[in-house]
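Peer 1: I'd like to go over a predicted model; first the sequence, then the structure.
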Amino acid sequence: MVVATPGAVESSVARSNPIDLLIVGAGLTGLSAAQRFVRQSPGRSCLVVEAQDRVGGNITTRSGNGFLWEEGPNSFAPTPELLQLAVEVGLKDQLVFADGKLPRFVYWDGRLQAIPMSPGAFWNSTLLSDRGKARLLLGAAGFVPPILGATVQARGGEETVREFFTRHLGQETMERMVDPFISGVYAGDPDALSASAAFRKMAAMQAAGGGLAAGAIRTLLAKRRAAKTAPPADPNLPKPKSGELGSFREGLQMLPEAVAKELGDRVKLGWRVEAIARSSNGDYTVDLATPDGPRQITTRAIVLATPAPATANLLQPLAPAASAALHAIPYPAVACVILAYPETAFAQSLRGFGNLIPRSLGLQTLGTIWASSLFAGRAPQGWAHLINFIGGAQNPGLINKTEAEIADIVHGDVRRILLKEDVAPKVLSVKLWRRAIPQYTIGHADRLATLHRELAAWPGLFPCSNYEGGVALGDCVRHGWDQAAEVDRYLAQLPV
Ligand SMILES: Cc1cc2nc3c(=O)[nH]c(=O)nc-3n(C[C@H](O)[C@H](O)[C@H](O)COP(=O)(O)OP(=O)(O)OC[C@H]3O[C@@H](n4cnc5c(N)ncnc54)[C@H](O)[C@@H]3O)c2cc1C
């Protein structure tokens, strides 16, 4: 049996030995798992260790000179779990929502074109040709060619995102609407992403036949039926309107900070897990580097709420096949370039969510969020700031560029798309994420199956991160909560 935590340790570590649960990583996934676990199992001990000196992981809000900006995620789809978490940690009054009706634009044919959100707007839109619209409607109605081609057959029918959407909605919709979305939102490559892994719900919609439109209607009806039998929604939760995106008055960082505050001294910053081993009695021993030197903790269960490469390194000695599967998940680099301009510099009103840019145009910027148009108080009077994304799976050379070069490229694209004159921007930040967002590429489901198959031999070890179940912040909260319940079930069946 391994001895835990040397020296004078804090109460949460010292209270029990072994502790019940160690959560590695204080990003939103790990913090959500911890918050749920502590609430549902108040008698059990839990510790969250975070390698950095701050909580939140990718969530990074910064401010200065009257601006408030996000260098990672910029907003969230207000899922019930995320809203409930925000309310539970006391942030109900701090929630802010961006108008769901704000238009989203695609830069096409030399100008910004609104993505049509209604049948009337669809007919009047020039984003697609008449032929492209007809192809989209026919495909959505179920007139879809079968999967053809030896390559797809050899993959067991697993289609890339490009193959799936071209087959269902046509080449124009793929190029002008789906591709900008894939590259702008997921920093992804439609020729590499797996449709069934990255667009699970859409793939399921078409599986039942009748096309995507019929699938969408079936999904909607099923949701309505489920809503009738579901327990009444918590009246304390805010009820955002359809299409609204959320944040907090002082930015997204408020959420991880509030969760960490609730967890108190259960959260340890600057504590990096370096190795995990299993004792003969089934407990795990964990070696950590901490600001006070090396420590060892013994725990009955571990949640690895760390990105795939970090999880892979920790699992290597225990589960080499799982480790290799995790190492195979690509995380392309993305830079968030935050530029501010006087409002008078823009060629048109900035009323909108932002603009996406199809890859076929050859511009390097993936997309731009008109950030100060979404939430109040993000820029001083007379100024606007833009969050631009550049890099991603289709631009691996980004990491070889300097920050100044990256800012110059993005400003050039902003100048072309949004400005009426060449005004030098205030460069608020160039934040390079060397490993930004996990890509659910062809073979992703097999990789996850390998991970879980091998970890079945290591009961009590739970991988839980955004490489599974979705990358959106709401997915991270749901996944963390589900994981907390699973850990609880696991601990309950252990001998006392
Ligand atoms: C640029 C960018 C923009 C995005 N935009 C949006 C958006 O607008 N909306 C949205 O919903 N989602 C967005 N996302 C996705 C979303 O931010 C992520 O999916 C989510 O934040 C991941 O949270 P996580 O807790 O799973 O992982 P992370 O945030 O990566 O947290 C993992 C934590 O584990 C820690 N860690 C790693 N190794 C160790 C170790 N050995 N010991 C201890 N700690 C360790 C890390 O330091 C880190 O803090 C964006 C992501 C990026 C990168």
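Peer 2: Now that the structure is in, tell me what you want to look at.

Peer 1: get me the contact residues on the protein for the ligand.
Peer 2: When proximity is defined as Cβ under 6 Å from any ligand atom, the chain approaches the ligand at 24-30, 49-52, 57-59, 72-76, 272-273, 305-307, 310, 334, 336, 433, 436-437, 465-466, 471-473, 476. In short, each C-beta sits where N, CA and C put it, glycine included.

Peer 1: for PyMOL, write a command that selects the buried ones of those residues.
Peer 2: To isolate the buried members of the residues of the chain next to the ligand in PyMOL, using 16 or more other Cβ atoms under 10 Å:
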select buried, resi 24+25+26+27+28+29+30+49+50+51+57+58+59+72+73+74+75+76+273+305+306+307+310+334+336+433+436+437+465+466+471+472+473+476
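
Peer 1: may I see the buried residues of stretch 192-205?
Peer 2: A192, L193, S194, A195, S196, A197, A198, F199, M202, A203, M205.

Peer 1: what mean pLDDT does that stretch have?
Peer 2: For stretch 192-205, the mean per-residue pLDDT is 89.

Peer 1: likewise stretch 447-463?
Peer 2: Stretch 447-463 shows a mean pLDDT of 98.

Peer 1: stretch 344-358 too?
Peer 2: The pLDDT scores in stretch 344-358 average 96.

Peer 1: now the end-to-end length of that stretch.
Peer 2: Its start and end residues considered, stretch 344-358 measures 27 Å (Cα to Cα, to the nearest Å).

Peer 1: need the per-residue pLDDT for the residue in the stretch 51-200 of the chain that the ligand sits nearest to.
Peer 2: Proximity to the ligand, evaluated over the stretch 51-200 of the chain using Cβ to the nearest ligand atom, is greatest for G57 at 2.0 Å. Note on G57: pLDDT of 98.

Peer 1: ok, it touching A26?
Peer 2: Yes - counting by Cβ atoms under 8 Å, A26 is a contact partner of G57 at 6.9 Å.

Peer 1: list residues touching both of the two?
Peer 2: Shared contacts of G57 and A26 (Cβ atoms under 8 Å, 6 or more residues apart in numbering): P256.

Peer 1: still on that earlier bit, how about the nearest residue to the residue of the stretch 51-200 of the chain closest to the ligand, chain neighbours excluded?
Peer 2: Of all residues not flanking G57 in the chain, G27 sits nearest, at 2.6 Å (Cβ to Cβ, 6 or more residues apart in numbering).

Peer 1: OK, contacts around that neighbour?
Peer 2: Going by Cβ under 8 Å, 6+ apart, G27 touches V55, G56, G57, N58, I59, P256, A305, S465, C476.

Peer 1: turn these into TSV, including secondary structure.
Peer 2: As requested, the contacts of G27 are exported to TSV (DSSP: H, G, I helix; E, B strand; the rest coil):
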residue	secondary structure
V55	coil
G56	strand
G57	coil
N58	coil
I59	coil
P256	helix
A305	coil
S465	coil
C476	helix
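
Peer 1: quick one: low-confidence parts of the stretch 151-300 of the chain?
Peer 2: Within the stretch 151-300 of the chain, no stretch has pLDDT under 70.

Peer 1: tell me where it has strands.
Peer 2: 245-248, 267-269, 272-278, 284-290, 293-304 (DSSP state E, counting those that start in this stretch).

Peer 1: then the stretch 351-496 of the chain?
Peer 2: Under the criterion DSSP E, counting those that start in this stretch, the stretch 351-496 of the chain contains strands at 354-356, 365-369, 383-391, 426-433, 461-463.

Peer 1: partner strands of the first one, with direction?
Peer 2: Counting by DSSP bridges, the strands paired with strand 354-356 are strand 104-108 (parallel), strand 365-369 (antiparallel).

Peer 1: what does that strand contact?
Peer 2: When contacts are defined by Cβ under 8 Å, 6+ apart, strand 354-356 is touched by residues 104-107, 112, 180-181, 183-184, 366-371, 386-387, 417-418.

Peer 1: domains in this protein, by residue range?
Peer 2: Domain ranges of the chain: 11-57+253-330+440-492, 61-77+89-101+331-433, 123-228, per automatic domain parsing.

Peer 1: picking up where we left off before, and the residue nearest to G57, how far from T306?
Peer 2: Using Cβ to Cβ, to the nearest Å, G27 is found at 8 Å from T306.

Peer 1: again with K201
Peer 2: Using Cβ to Cβ, K201 is found at 26 Å from T306.

Peer 1: then R435?
Peer 2: The gap separating R435 from T306 is 11 Å, by Cβ to Cβ.

Peer 1: residue contacts, G251?
Peer 2: Listed by Cβ under 8 Å, 6+ apart, the contact set of G251 reads T61, S63, L68, W69, E70.

Peer 1: ranges for the helices of the stretch 101-250 of the chain?
Peer 2: With DSSP state H, counting those that start in this stretch as the criterion, the stretch 101-250 of the chain has helices at 119-124, 130-140, 150-154, 161-169, 171-173, 179-186, 195-198, 200-207, 211-229.

Peer 1: any chance of CSV for those, columns distance to A324?
Peer 2: Shown next, in CSV, are the helices of the stretch 101-250 of the chain (distance: least, Cβ to Cβ, whole Å):
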stretch, distance to A324
helix 119-124, 46
helix 130-140, 38
helix 150-154, 22
helix 161-169, 24
helix 171-173, 36
helix 179-186, 24
helix 195-198, 18
helix 200-207, 24
helix 211-229, 35
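
Peer 1: single out the most deeply packed of the strands of the stretch 151-300 of the chain.
Peer 2: Of all these, strand 245-248 has the most neighbours on average by mean count of other Cβ atoms under 10 Å, namely a mean of 22.

Peer 1: what about stretch 311-322, how long is it end to end?
Peer 2: 9 Å.

Peer 1: give me the buried positions along it.
Peer 2: If you call a residue buried by 16+ other Cβ under 10 Å, then stretch 311-322 has these buried ones: T311, A312, N313, L314, L315, Q316, L318, A319, A322.

Peer 1: quick check: closest non-adjacent residue to the first one.
Peer 2: Which is T311. Spatial nearest neighbour of T311, chain neighbours left out: L304 (4.8 Å); criterion: Cβ to Cβ, 6+ apart.

Peer 1: in the sheet, who's paired with that neighbour?
Peer 2: Per DSSP bridges, the residues bridged to L304 are V24, P463.

Peer 1: my read: it touches C464, true?
Peer 2: Yes - between L304 and C464 a contact is recorded at 6.6 Å, counting by Cβ under 8 Å.

Peer 1: if we can go back for a sec, can you tell me how far the residue nearest to G57 sits from S75?
Peer 2: 17 Å.

Peer 1: swap in P320?
Peer 2: 39 Å.

Peer 1: can you lay out the strands of the stretch 151-300 of the chain as a markdown table showing distance to R44?
Peer 2: Listed next are the strands of the stretch 151-300 of the chain as a markdown table, based on distance: least, Cβ to Cβ, whole Å:
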| stretch | distance to R44 |
| --- | --- |
| strand 245-248 | 29 |
| strand 267-269 | 16 |
| strand 272-278 | 20 |
| strand 284-290 | 15 |
| strand 293-304 | 9 |
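
Peer 1: looking at the domains of the chain, which is closest to D234?
Peer 2: domain 61-77+89-101+331-433 (11.1 Å; Cβ to Cβ).

Peer 1: now do the closest one: distance to the chain's middle.
Peer 2: Taking the mean of its C-alpha atoms, domain 61-77+89-101+331-433 sits 17 Å from the chain's own mean (Cα atoms, centre = their mean, to the nearest Å).

Peer 1: same check, this time on stretch 154-171
Peer 2: When C-alpha coordinates are averaged (Cα atoms, centre = their mean), stretch 154-171 and its chain have centres 23 Å apart.

Peer 1: so what touches it?
Peer 2: Contact with stretch 154-171 is made by 132, 135-136, 139-140, 144-145, 147, 152, 173-174, 178-179, 182, 188, 190-196, 198-199, 202-203, 206, 211-212, 442-443, 445, as judged by Cβ under 8 Å, 6+ apart.
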